[in-house]
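*Asks:* just a sequence and a predicted model for now, questions to come.
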Amino acid sequence: MTNIHSDKLLILDFGAQYTQLIARRIRELGVYCEIWAWDHDPAEIAAFGARGIILSGGPESTTLEQAPRAPQAVFDAGVPILGICYGMQTLAAQLGGATEASDAREFGHAQVDIVGPSRLFDGLTDHAGGHTLDVWMSHGDHVATAPPGFVVTGRTARIPVAVMEDEERRWYGVQFHPEVTHTKRGGALLKRFATEICGCATLWTAANIIDDQIARVREQVGDDHVLLGLSGGVDSSVVAALLHRAIGDRLTCVFVDTGLLRWQEGDQVMAMFAAEAESGGMGIKVIRVNAADRYFTALEGVADPEAKRKIIGGLFVEIFDAESEKLIAAGGDVKWLAQGTIYPDVIESAGSKTGKAHVIKSHHNVGGLPTHMKLKLVEPLRELFKDEVRRIGIALGLPRAMVYRHPFPGPGLGVRILGEVKPEYAELLAKADAIFIDELRKADLYDKTSQAFAVFLPVKSVGVVGDARAYEWVIALRAVETVDFMTAHWAHLPYDFLGKVSNRIINELRGISRVVYDISGKPPATIEWE
């Protein structure tokens, strides 16, 4: 079988917001790569066997004595190096060049003039007959003098060294960000570095990843049985499809229907996964636990968002544990627990070997199981970004409408019902949300928004329904556009469309007399209301 990890790049992260985007762009080219902290163990860097190393951008200044530096192992590896933004500056500072602080920070569109023969940019200009590139800058400092051995091949009106190249050692630096779409030829530049300069074969494809993971899962679990908590979300659904293909009926899924899911989602999950192939399903062994009454009882009188989250999460673990114990007690040879951990979870939980790099957060899927659970862990998506998970899902035969569905919070409607959660509130909200999503799809607006949903407001508003005065609940609609979910703009949906959604919700749902649209950005607001 093809070793899809044999040709790989290593990205050393100096703390840039775009680092994961670099990795995604490289992988989109079909080349495997990993992200490690800049201060990762040099011995592991040397042993990794990368065909090339990329140094990311970062927020620090190379003009400061304690600034992060690339370890010597990077230069000793004898492979091509590409420094991006801060990565270029630290190359210059460490190899005998000079950097300096700019008078003003440069952020946004810029033009780079290619001023000499360039391996990186030969034939990659943006303007006919010229030698100019349209790029995206985001920096304060810049390289004032290139190090010995480097030739300056690009500059802008503001900085003297925008591109520097040492063709003999195959070391390169660019001040701009080729990974963002604003740099028009950025993808071509990264492809040239990865495939031509580093010589990587493009083996990282959906089909190869599936074959590789199936082989690895079979080797890992042997003849044992595997348990999976199936939520109906993208990650757990793709894990279910992948494991079913790998080990067949030795996979058992537990689906906990909390009563806080999307409208009729429980039935949809069972139809997709548990039904036999002749009925349109996948024939996976799924245990459905109808736990809505337990959830609503546990949530009675609880209005605090964090308290609701803890109750919902804790009850899920309790129910899942009980079901796994039943399976084991019944003689099931269950020894593995599958989780939908994906690569960003791993990156964010890893921190750095020396502790000098900042640990962003500890993720709930990473770091092992509760001590009382004696199951070993299998995580077949651990190497994949979310967009790769979606592509794998499509290749495994999952419906596109499910794989590319908008994010849904772990606590479900429990945090989209403001205040106390009651069964009647959950039913109204699920139906209102379904109407909103249905109309977005009909109007071809669903894929143009990043996330859209309804929120139940625990306030009553006066309305007139028929000829009678009504005093009924309020639904808020929320739709946002975002690239990374760190910041977001409210979606400018057409007035006619919003009017149609409002009319449907009020006319079809007894108990709702008013619909409002949330026009808050993030920041200052969050995307979810709780």
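*Replies:* Right, received. Where do you want to start?

*Asks:* from here on, just use CA atoms for contacts and neighbour counts.
*Replies:* Noted.

*Asks:* helices of the stretch 301-450 of the chain, start to end?
*Replies:* Assigned by DSSP state H, counting those that start in this stretch, the helices in the stretch 301-450 of the chain fall at 305-329, 343-350, 386-395, 400-403, 423-442.

*Asks:* between these, which gets nearest to Gly173?
*Replies:* Minimum separation from Gly173 across the helices of the stretch 301-450 of the chain (CA to CA) falls at helix 343-350, 24.7 Å.

*Asks:* ok now the closest one, how far from the chain's centre?
*Replies:* Centroid separation for helix 343-350 versus its chain: 11 Å, with CA atoms, centre = their mean, to the nearest Å.

*Asks:* and what of stretch 188-203?
*Replies:* Put simply, stretch 188-203 sits 24 Å off its chain's centre (CA atoms, centre = their mean).

*Asks:* can we start the residue count at 450 from this point?
*Replies:* Done: numbering now begins at 450, and the last item shifts to stretch 637-652.

*Asks:* what about it, start to end distance?
*Replies:* End-to-end distance for stretch 637-652, by CA to CA, to the nearest Å: 18 Å.

*Asks:* mean confidence for it?
*Replies:* Taken as a whole, stretch 637-652 has an average pLDDT of 96.

*Asks:* then stretch 940-950?
*Replies:* 98.

*Asks:* ok, stretch 567-584 next?
*Replies:* Stretch 567-584 carries an average pLDDT of 77.

*Asks:* contacts for that stretch?
*Replies:* Applying CA atoms under 8 Å, 6 or more residues apart in numbering, the contact partners of stretch 567-584 are 558-564, 602, 614, 616, 625-627, 631-635, 637-638, 641-642.

*Asks:* ok so, going back, out of the helices of the stretch 750-899 of the chain, which gets the lowest mean score?
*Replies:* Looking at the helices of the stretch 750-899 of the chain, the weakest mean confidence is helix 792-799, a mean of 79.

*Asks:* tell me what angle that one forms with helix 835-844.
*Replies:* 150 degrees (axes from the mean of the first three to the mean of the last three CA atoms, to 10 degrees).

*Asks:* point out the other helices and strands that helix 792-799 packs with.
*Replies:* Of the remaining helices and strands, none touches helix 792-799 by 3 or more CA pairs under 8 Å, 6 or more residues apart in numbering; DSSP states H and E.

*Asks:* swap in 10 Å and give it another go.
*Replies:* Packing partners of helix 792-799 (3 or more CA pairs under 10 Å, 6 or more residues apart in numbering; DSSP states H and E): helix 468-477, strand 481-486, helix 835-844.

*Asks:* ranking those by burial, who's on top?
*Replies:* Scoring the helices and strands packed on helix 792-799 by mean neighbour count under mean count of other CA atoms under 10 Å gives strand 481-486 as the most buried, with a mean of 22.

*Asks:* which helix or strand lies directly C-terminal to that one?
*Replies:* Scanning forward in sequence from strand 481-486 by DSSP states H and E, the next helix or strand is helix 491-497.

*Asks:* helices or strands up against that following helix?
*Replies:* Packing partners of helix 491-497 (3+ CA pairs under 10 Å, 6+ apart): strand 457-462, helix 521-525.

*Asks:* filter the contacts of stretch 567-584 down to the buried ones.
*Replies:* Buried by 16 or more other CA atoms under 10 Å: 559-563, 602, 614, 616, 625-627, 631-635, 638, 641-642, out of those.
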